[in-house]
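Colleague: Can you look at this prediction? I've put the sequence above it.
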Amino acid sequence: MFFTKRRIGGLLLLAFCVTYGLLSQQIPLLPIQARSAFNAKTMPEVLSVLGIALSLAIVFLPAPGEYLELKGKAWGMTIAFLVLMSFYGLTIRPLGFVLSSSILLGVGYWILGERKWWLLLITSVPVATAFWALMSLGLGVFIEPLPWFLRG
C-alpha cells in the first residue's frame with residue numbers, strides 16, 4: 001500500500017515546505033539588500049528547498065522494511081542478457097537488422113531455457129523478419145536488413 005503513515009507525513013511536510021517557500025517570497029527587502037548574496041530571504045529559501053527535497057525522499061524512497069531482496073535472484077541470467085543486448089547493439093549495423101535480431105531472439109530464448117534448435121530458429125527468424133517488414137514496408141522507416149557482405 002502506497003499511503004503509509006510515513007508517506008502521509010512526508011506529504012504533509014512537503015505541503016508545509018512548499019507553503020513556507022512561497023511565503024518566504026513575500027519577505028520585503030530594502031533596496032540595498034536586493035543585490036546582496038545573503039539577505040533576509042536566503043535562509044528561508046534554502047530551508048524550503050532542503051525540506052522539499054527531504055520530504056520527496058520520504059515519499060518516494062522505500063522504507064527500511066520495503067527494500068528489495070537481492071538474494072536468490074537469477075543474476076547470471078541478468079548478466080547474460082546484458083551481454084547479449086550489448087552484442088546486439090554492436091552487431092546491428094554490420095550484420096543487418098534481420099540477422100542480428102534473429103541472433104538476439106534465439107540466444108535470448110536459449111538463455112531462458114529452450115534447447116530445441118529448430119524451435120529457436122522458427123521462432124526467432126520469422127519474428128525478426130516480420131518486425132523488419134512492419135517497420136520498413138508498413139511504417140516507412142528504413143532499417144538495413146542484410147549484412148554488409150550481402151548488400152548489393
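Modeller: Now that the structure is in, tell me what you want to look at.
Colleague: Could I get the contacting residues of the spatially closest residue to Leu105 that is not a sequence neighbour?
Modeller: Nearest in space to Leu105, with sequence neighbours left out and distances taken as CB to CB, 6 or more residues apart in numbering, is Ser124 at 3.6 Å. (Each C-beta comes from the backbone N, C-alpha and C, glycine too.) If you count contacts by CB atoms under 8 Å, 6 or more residues apart in numbering, Ser124 has them with Ser101, Ser102, Ile103, Leu104, Leu105, Gly106, Tyr109.
Colleague: ok now the helix or strand in which the fourth one is found, how far from the chain's centre?
Modeller: Using DSSP states H and E, Leu104 sits within helix 97-112. Centroid displacement of helix 97-112 relative to its chain, using CA atoms, centre = their mean, to the nearest Å, is 23 Å.
Colleague: Show me the contact partners of that helix.
Modeller: 77, 80-81, 84-85, 87-88, 91-92, 95, 119-121, 123-125, 127-129, 131-132, 143-147.
Colleague: Helix or strand next in line after that helix, which one?
Modeller: helix 117-133.
Colleague: What are the buried residues along that next one?
Modeller: Leu120, Thr123, Ser124, Val125, Ala128, Trp132 (16 or more other CB atoms under 10 Å).
Colleague: and that helix with helix 97-112, angle?
Modeller: Note on geometry: by axes from the mean of the first three to the mean of the last three CA atoms, to 10 degrees, helix 117-133 and helix 97-112 are set 140 degrees apart in direction.
Colleague: Pull the number of nearby residues for Ile103.
Modeller: 19 (other CB atoms under 10 Å).
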